[in-house]
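Chemist: From the sequence below, what's the structure:
(2 chains)
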2 protein chains.
Amino acid sequence: MTFSFTGLSAFPITPMHQAAPDEARFATLITRLVDAKVDSIGALGSTGSYAFLTRNEREKIARLAVQHAGTTPVLVSIGAINLRDTLLLAEDAQKAGVKALLLPPMSYFPLRDEEVFTLYETVNKHISIPLVVYDTPGTTQFHFSDALMQRICELPHVRSIKLPSGSPTAEEATARMQRLLPTLPKSISPGISGDPTAASALMQGARIWYSEWGGLFPHLARQLTDAALAGQKDEVARINAIFTPFWEMSARYGGSLRVIASAAEIMGLAGADALPSPLQKISQNDMEKLASLIKTHQPS
Amino acid sequence: MTFSFTGLSAFPITPMHQAAPDEARFATLITRLVDAKVDSIGALGSTGSYAFLTRNEREKIARLAVQHAGTTPVLVSIGAINLRDTLLLAEDAQKAGVKALLLPPMSYFPLRDEEVFTLYETVNKHISIPLVVYDTPGTTQFHFSDALMQRICELPHVRSIKLPSGSPTAEEATARMQRLLPTLPKSISPGISGDPTAASALMQGARIWYSEWGGLFPHLARQLTDAALAGQKDEVARINAIFTPFWEMSARYGGSLRVIASAAEIMGLAGADALPSPLQKISQNDMEKLASLIKTHQPS
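Modeler: This next block holds a predicted model:
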């Protein structure tokens, strides 16, 4: 399969064990995604803890993902604070056989527009596979202007953008998407992250859902993606209602990773020390709530 | 010299050359600080690009700093996104002979209060030298509550805090300092960063200035520190006036590092590729302004 940048791109966690990636459990997560027929797999996304792992660990996880994904295309994040490291990660990932690269403007000091453009321009020059622009202001503190996004989207390897669907508010994100998408080259497949408003974005022009919870509940995310792309509003509402309590708990913890790792533990797919330190598990009370939600809905 | 956590702590840049630390020029910067009789040297601070360097590079730079600092105590940042890496960096730094460690709650996902407390608690348990709490919301996105800061300051190795003096505004930072300092244990030496309001903070209870521009203009920063701690308002105003255009240009670039590296280049203390990529130099126009300021005031 080539990377079409459409449908469901599922982002699994990288479960940790004793402060190192739990390779066996990671492989199981990848196999589950293939079985659920996701369109692509986003390994080592934010939810996949790329920012917490060493270059060697990222190379190993990229190889494992490709090996277990079979014909399902894999993309990985090559984000790093130092551009020098991003170029090395891009080389490693290409050698590992991934089909696309995901690049956030990761930074220590908030970056300036010209620095971000040069970052994408430099990476574009060094790679031979497609690149996805990863717009994630909650972790990078960088806000893309429409003009900068348009300029980056003209670079020949750039094929998709991953927009935050709920940032800073769902309304502002929707307005931005409606303003931005018609101005982008036809070669760009608009993508959405931010699970709670993803279905609505897919019904309004986004073509690919880069999904965090889809990495754990790929069947449910598959159904939501298909219903949204087919414009089946009632079915979308039905599935969104199942996802909603999971999304609400994610929001309460300021992000999905802590809650997804806890859900994976409950489902026997991750150990009790699955989160990269210093991130901590959700409260015992929320663990019980989460277990009860999983028992009721049996999401998979 | 032991680390008294008073006076001027000067934070030099780590000049880069061909994407690696320029060790010879870094050593020269350390020697200049010793000659200016700074009270301590903060190598590998934010201004020292710690977040851009590998573990090996950070170990090498820590050793070089200690070697060239003579009897002047050196502290280094051990910040990392993964706590596992922070512990390794703490070991490296202690073996290198530094006298104190600086720890920011660096993160990819904004951290929760309990996670930050556990971070400091864990590091405190693993080290045998003093620890400085580095409060730098502009780079970590983390805001310490008074209660959390008080709790962390009770940890036995914690000896100082480095507060942002101008964040979110100079007035709010001053109000916070006046509220917070009387509540901290006597063992804590309150410190200030954020150069433009540092002298005023030193006159209001801060005991140590962790200074970015002091890493390049140590004589001038030495004079400002001494004048502020002696309560000499006119002398403070005179020296602040010399620093002001440098601080204003730093603010315009959203941080000091880009401007300090450019000034170092003008002074022959860094090469033209001194900044870690993707950070970029200031504009040609600003380079000329900076050169003219340096020619006029001859800061050293």
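
Chemist: Please name the nearest non-neighbouring residue to A:A173.
Modeler: Leaving aside its chain neighbours, A:A173 sits nearest to A:S165 (5.3 Å; criterion: CB to CB, 6 or more residues apart in numbering or on different chains). The C-beta positions use only the backbone N, C-alpha and C, and glycine is treated the same way.

Chemist: Okay, that neighbour and B:F246: tell me how far apart.
Modeler: Taking CB to CB, to the nearest Å as the measure, A:S165 falls 42 Å from B:F246.

Chemist: Up against chain B, what does chain A have?
Modeler: A:19, A:46, A:51-53, A:81-84, A:107-112, A:114-116, A:118-119, A:122, A:138-139, A:141, A:253-255, A:257, A:276-280 (CB under 8 Å from any CB of the partner chain).

Chemist: got a list of what A:F11 touches?
Modeler: When contacts are counted by CB atoms under 8 Å, 6 or more residues apart in numbering or on different chains, A:F11 touches A:41-43, A:45-48, A:210-212, A:214-215.

Chemist: which phi and psi does it have?
Modeler: phi -110, psi 100 (degrees, to the nearest 10).

Chemist: Retrieve the pLDDT associated with it.
Modeler: If you check A:F11, the pLDDT there is 98.

Chemist: For it, give its distance to A:I30.
Modeler: For A:F11, the distance to A:I30 equals 11 Å [CB to CB].

Chemist: okay, and the common contacts of those two?
Modeler: A:41, A:43.

Chemist: All the helices of the stretch 1-150 of chain A, in order from the start?
Modeler: A:23-35, A:55-69, A:83-96, A:113-126, A:137-140, A:146-153 (DSSP state H, counting those that start in this stretch).

Chemist: contacts for the second one?
Modeler: In this case it means helix A:55-69. A:14, A:20-21, A:23, A:26-27, A:30-31, A:33-34, A:41, A:43-44, A:48, A:50, A:53, A:74, A:76, A:85, A:88-89, A:92-93, A:96-98.

Chemist: Sort out which of these are buried, if you could.
Modeler: A:14, A:21, A:26, A:30, A:33-34, A:41, A:43-44, A:48, A:50, A:53, A:74, A:76, A:85, A:88-89, A:92-93, A:96, A:98 (16 or more other CB atoms under 10 Å in any protein chain shown).

Chemist: which residues touch the residue in the stretch 101-250 of chain A positioned nearest to chain B?
Modeler: Nearest residue of the stretch 101-250 of chain A to chain B (CB to the nearest CB) works out as A:Y108 at 3.7 Å. Residues in contact with A:Y108 (CB under 8 Å, 6+ apart) are A:81, B:46, B:51-52, B:139.

Chemist: check which helix or strand covers A:K162.
Modeler: strand A:158-164 (DSSP states H and E).

Chemist: and the angle from that strand to helix A:146-153?
Modeler: 140 degrees (axes from the mean of the first three to the mean of the last three CA atoms, to 10 degrees).

Chemist: If you count contacts, what does strand A:158-164 end up packed against?
Modeler: strand A:100-103, strand A:131-134, helix A:146-153, helix A:170-180, strand A:189-193 (3 or more CB pairs under 8 Å, 6 or more residues apart in numbering or on different chains; DSSP states H and E).

Chemist: Those: lowest mean pLDDT?
Modeler: Looking at the helices and strands packed on strand A:158-164, the weakest mean confidence is helix A:170-180, a mean of 88.

Chemist: could you dump it to PDB, C-alpha only?
Modeler: C-alpha atoms of helix A:170-180 as PDB (Å, rounded to 0.1, in the frame of the first residue of the first chain):
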ATOM      1  CA  ALA A 170     -13.500  24.100  18.400                       C
ATOM      2  CA  GLU A 171     -15.200  27.100  16.700                       C
ATOM      3  CA  GLU A 172     -11.900  28.900  16.000                       C
ATOM      4  CA  ALA A 173     -10.300  25.700  14.700                       C
ATOM      5  CA  THR A 174     -13.300  25.100  12.300                       C
ATOM      6  CA  ALA A 175     -13.200  28.700  11.100                       C
ATOM      7  CA  ARG A 176      -9.400  28.400  10.500                       C
ATOM      8  CA  MET A 177      -9.800  25.100   8.600                       C
ATOM      9  CA  GLN A 178     -12.600  26.600   6.400                       C
ATOM     10  CA  ARG A 179     -10.400  29.600   5.600                       C
ATOM     11  CA  LEU A 180      -7.100  27.700   5.100                       C
END
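
Chemist: tell me the angle it makes with helix A:146-153.
Modeler: If you take the same axes, to 10 degrees, helix A:170-180 sits at 60 degrees to helix A:146-153.

Chemist: Buried residues in helix A:170-180, which are they?
Modeler: Result for helix A:170-180 [16+ other CB under 10 Å]: buried residues A:173-174, A:176-177, A:180.
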